[in-house]
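1. Quick one, what's the 3D model for this:
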Amino acid sequence: MATENKLNLKPGVYVLGTVLSSSATLFDRKDKSGQFVRVRHEIATKPGVLDFETILDPAKDPSVKVEGGKITAFPTYPEDKPITLKCEPGAIREFKGKVKITKAELIA
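-> Take a look at the predicted model:
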């Protein structure tokens, strides 16, 4: 009999999948107060593919580095390895036919 790693999960909405790709895009704020970075992770799940997007401020978040108008570093998840995300209530939405997660915490 094979043993499985069981996580001790609390009640909530979880997404199990594999990260296919990660990308980051730099944007200027409309009020000219600086820039922000949208980090997008494409995650494969059993029913299909979904996007996990976060908006980060490079001035406040040390995990994002912008040099000369280009993103040099941003947070990523391991590709081709299973991950578990715990989603915040109301953070899963459908937009233009694709499921998007806007707030989640990496569990494993």
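
2. what about the chain, any weak spots by pLDDT?
-> 1-8 (pLDDT under 70).

3. which residues touch the most centrally placed residue in it?
-> Centroid check for the chain by CA atoms, centre = their mean gives Phe52 as the closest residue, at 3.8 Å. By CB atoms under 8 Å, 6 or more residues apart in numbering, Phe52 lies in contact with 15, 40-41, 43, 85, 100-101, 104. Any C-beta I mention is one placed from the backbone N, CA and C, and that applies to glycine too.

4. Most widely separated two among those?
-> Using CB to CB, the contacts of Phe52 span at most 14.9 Å, a distance reached by Val15 and Arg40.

5. and the two? which has more neighbours close in?
-> Per other CB atoms under 10 Å, whichever of Val15 and Arg40 has more neighbours is Val15, with 18 against 15.

6. Is that one in contact with Leu106, as I believe?
-> No - the pair Val15 / Leu106 is not scored as a contact, 10.5 Å apart, by CB atoms under 8 Å.

7. Counting residues, which strand of this structure comes out longest?
-> The residue-count maximum for a strand in the chain (DSSP state E) belongs to strand 13-28.

8. Can you name the next helix or strand after it?
-> Of the helices and strands lying after strand 13-28 in sequence (DSSP states H and E), the nearest is strand 35-44.

9. beta partners for the closest residue to Glu79 other than its chain neighbours?
-> Nearest non-adjacent residue to Glu79, counting by CB to CB, 6 or more residues apart in numbering: Val19, 5.0 Å away. When bridges are taken as DSSP bridges, the partners of Val19 come out as Ile43, Glu79.
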